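**Q** Okay, sequence plus prediction incoming.
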Amino acid sequence: MNTQRADVAQHTTRVVNPARDERHRVRVINPFSAADLLLHGPAALLSWAELRKGSKRRNPDAETEAAVKVFEDFQGRAMKSMHEHEARPGTPGTVAQLGDLVELNVTPTSYFARMFPGSRIGDPRVLSYEPGEALLCADANERLHIVGACRLQMPIGFRAAHSYPLGSVNSVAYGTTKAHMEGKPETYEHEFAEHGVGKRPMLCIRDGWLFLVGGTYKVKGAGIVG
């Protein structure tokens, strides 16, 4: 269930110190026009019309078509453009932007405590992001992805090319404008496995990239469900 977020006091850790020596880029379906994006900075814009015309090689594939549907159902409006963002290697090539990632509420494992000193195992911790640092996105299969140049430095003792579980994700907060709901910028919060029904996703890290694994949620027109 997605609800407007109420600000409460929580243990908060800012996610900072990105490392950018290896890059993988994905196309992000975006609610803004090309002019809006140029005004606010993102580059490498591709309009939907440009993707549709030209050679067969440039035509959108089934993954892109499905991601567009996820975006339009979730945001309640037509897609206007796509742009490229850095993302974890292995992220699908085209994803739908749900909004700016604001917070992840996580129940830490020992690996989380090593990544973020001062955290205690089992004591819920909030990872917070500034606007534009990271995007919460969904792929054609309605699974969530963290996209953006938000790669972290790995502490000594973490091995390359290995995934580490940081903790179960209790909730996620994101900012967007849903045309079919409030119709104005809002911060929404979704609690995973609300009332003990279903399974929460696990926040993991691999070579500095954060990503979600598992969980029984889906991304629907009403928001994130489950």
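**A** Structure received. Numbers count the residues shown, from 1 in each chain.

**Q** what residue ranges in this protein score low on pLDDT?
**A** Regions of the chain meeting the criterion pLDDT under 70 cover residues 1-23, 30-60, 183.

**Q** starting at the chain centroid, how far to the longest helix seen in it?
**A** The longest helix of the chain (DSSP state H) is helix 62-75. Its chain's C-alpha centre and that of helix 62-75 lie 15 Å apart, by CA atoms, centre = their mean, to the nearest Å.

**Q** buried set for it?
**A** Under the neighbour-count criterion of 16 or more other CB atoms under 10 Å, helix 62-75 has 64, 66-68, 70-72, 74-75 buried. Where you see a C-beta, it was placed from the backbone N, CA and C, and this is true even at glycine.

**Q** And for stretch 99-117?
**A** Applying 16+ other CB under 10 Å to stretch 99-117 flags 99-109, 111-116 as buried.

**Q** same check, this time on stretch 89-102
**A** 91-92, 94-102.

**Q** same deal with stretch 189-201?
**A** For stretch 189-201, burial by neighbour count (16+ other CB under 10 Å) applies to 189-193, 200-201.

**Q** What of stretch 203-213?
**A** 203-212.

**Q** Checking the most centrally placed residue in the chain next. Helix, strand or coil?
**A** For the chain, L136 is the residue whose C-alpha lies nearest the centre (CA atoms, centre = their mean; 2.1 Å). Classification of L136 using DSSP: H, G, I helix; E, B strand; the rest coil returns strand.

**Q** Who are the contact partners of it?
**A** By CB atoms under 8 Å, 6 or more residues apart in numbering, the residues touching L136 are 97-101, 144-147, 172, 174.

**Q** which among those gets closest to G132?
**A** D100 (6.6 Å; CB to CB).

**Q** can you tell me the helix or strand for that closest one?
**A** Secondary structure from DSSP states H and E places D100 in strand 94-108.

**Q** what does whatever helix or strand comes next after that strand rub up against?
**A** Following strand 94-108 in sequence order, the next helix or strand is helix 110-115 (DSSP H and E). Outside helix 110-115, the residues that touch it by CB under 8 Å, 6+ apart are 106, 119-121, 125, 152, 154-155, 157-158, 164-167, 203, 205.
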